[in-house]
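Q: Sequence and predicted structure, then a few things I'm wondering about:
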Amino acid sequence: MTSSSLAEAVGIDVGATKIAAVRVTADGTVSARARCATPRRTADDLVGAITDLVAQVRGERVTAVGVGLPGMVDAHTGALAFAPGLDFARAPLRALIADAVGLPVVTDNDANAAAWAEYQLGAGRGHDHLVLVTLGTGLGCGVVVAGRLLRGSHGFASEASHLTVDPQGPLCECGNRGCWGVSASGATIARLGRQAAEARPTTLLARLIGQGSDAGEAVTEAARGGDGQALEILDRVGTLTGTGLAALANLFDPLVVIVGGGPVSAGELLLAPARASFTRQLYSPGDRPPVPVLTARFGGDAGAIGAALLAVEPAL
Ligand SMILES: [Zn+2]
C-alpha cells in the first residue's frame, strides 16, 4: 500500500435490507460509519441512498469509493448484471455512482470484497491463495489466486452458493435442489430452527424463539445449552459447509479456507463438523500440507472494508 498509504476511501456494502458505509484508512481502520435501509425499487433510489451515505462519512482525504453489491457484477463495466430480489439489475451502477459522488468508483461482488479484506488485513493475510465463504442470509464466496481476486471471464466467478452440496436438499430459487446457499447458510440455520421449534414447542430452542430471539442466534444459544435439536442443526449445516469447502479446496488448492458470517459465532459447534467433513472430502488429505479452516477476522464490516480497499488499490 505504498502509493495509497495516505489515502482514505469510503466502502459501501449493499445488503438485501440495509446499506452500510464506512470510511477506511489504508490500514483498514474504520474512522466513520453510517447506514440506511436498502431501497429495493429503482437504481436512482439506490444511487441516491449511496450518495447520501458517502456525504455522511466522507472526509478530506477520501480519494475513492468502493461498492460491494449482492449479486453478479460485470468486471468490465462495473454494472450490476443480476441481484436476486432487487429490481435494479442491469443498471450501470459504477458510472451512475461516480457521476453522483464525483469520485472514482469501483463496484464488485460483496463476497469478493470480503475476501479481499481478509486477504489484505484479516485471517488470510500473507496467504496468496485462499477461499472465503460467508454464511449469511445467502452464501457468499470469494477466491484469491496468486494474490488476485478470481473473477472469471465476466466477473461472475466463485458463485459457490449454487454448488450442489445435498442432491436431496431443499429447492433453490435457481430451480435446482440442494444448492449450498439453501442447504447450509445462516438462513438455513434460522429456517431449521423455526421448524424444530414448531415441531417440539417445549424445548429450550422453542422457548428462545418464542421469546422473540432471532432464530439463527437462538439455535446457537440453545446448542450451547445442550439442546439436542439445535446441536443437530449446527452439525448438519457444518457438515454440508465442509462438503462445499472441500469442493472449493479441491478446485483451487488454497493455503487457507476462511469462514465468516453470523453463524461462526457458534464456534466449534459449527466448525468442528465442518472441519471433519472438509478433511473427509478433501482429495488425498494425507499427501498435502494441512489446509486450515479459519474464522474470518472482519465480521459484518468485511464487505464494506474490502470495497474501500479495492477502491484505493484495485485487485485487478
Ligand atoms: Zn441454486
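A: Nice, I can see it.

Q: And the next helix or strand past the helix with the most length in the chain?
A: Of all the elements of type helix in the chain, the one with the most residues (DSSP state H) is helix 228-252. Proceeding C-terminally, helix 228-252 gives way to strand 256-260 as the next helix or strand, assigned by DSSP states H and E.

Q: Give me the contacts around stretch 208-219.
A: Here stretch 208-219 makes contact (Cβ atoms under 8 Å, 6 or more residues apart in numbering) with 186-187, 189-194, 197, 201, 205, 221-222, 230, 233-234, 262-263, 265-266. Where C-beta positions appear, they are placed from N, C-alpha and C, glycine not excepted.

Q: Confirm Trp20 sits in a strand?
A: I think there's a mix-up here, since residue 20 is Ala and not Trp. Yes: the assignment for Ala20 (DSSP: H, G, I helix; E, B strand; the rest coil) places it in a strand.

Q: so where do the helices sit in the stretch 51-200 of the chain?
A: Along the stretch 51-200 of the chain, counting by DSSP state H, counting those that start in this stretch, helices occupy 93-101, 110-121, 180-183, 186-199.

Q: Kindly compare burial across those helices and name the winner.
A: For those, the largest average neighbour count (mean count of other Cβ atoms under 10 Å) is found in helix 110-121, namely a mean of 29.

Q: Can you check what angle separates that one from strand 256-260?
A: Using axes from the mean of the first three to the mean of the last three Cα atoms, to 10 degrees, the direction of helix 110-121 lies 120 degrees away from that of strand 256-260.

Q: if you average pLDDT over helix 110-121, what comes out?
A: What helix 110-121 shows for mean pLDDT is 96.

Q: Could you list the low-pLDDT ranges of the stretch 1-150 of the chain?
A: Flagging of the stretch 1-150 of the chain using pLDDT under 70 yields the residue ranges 1-6.

Q: same thing but 80
A: Judged by pLDDT under 80, the stretch 1-150 of the chain has its weakly predicted residues at 1-6, 85-90.

Q: what residues does the stretch 151-300 of the chain put near the ion?
A: With the criterion set to Cβ under 5 Å from the ion, the stretch 151-300 of the chain comes near the ion through 162, 172, 174, 176, 179.

Q: Quick check: the first one touching Gly175?
A: Read that as His162. No: here His162 does not reach Gly175: they are 9.8 Å apart, not a contact under Cβ atoms under 8 Å.

Q: higher neighbour count, those two?
A: Counting neighbours by other Cβ atoms under 10 Å for His162 and for Gly175 shows that His162 has the greater number, 15 against 8.

Q: buried stuff in stretch 215-229?
A: When neighbours are counted by 16 or more other Cβ atoms under 10 Å, the buried residues of stretch 215-229 are found to be 215-223, 227, 229.

Q: so which two of these are the farthest from each other?
A: Using Cβ to Cβ, the buried residues of stretch 215-229 span at most 15.2 Å, a distance reached by Glu217 and Gln229.

Q: Excluding its own residues, what touches stretch 143-160? List them.
A: 72-76, 81, 108-109, 111-112, 115-116, 119, 124, 127-133, 139, 141-142, 180, 244, 248, 252, 254, 315-316.
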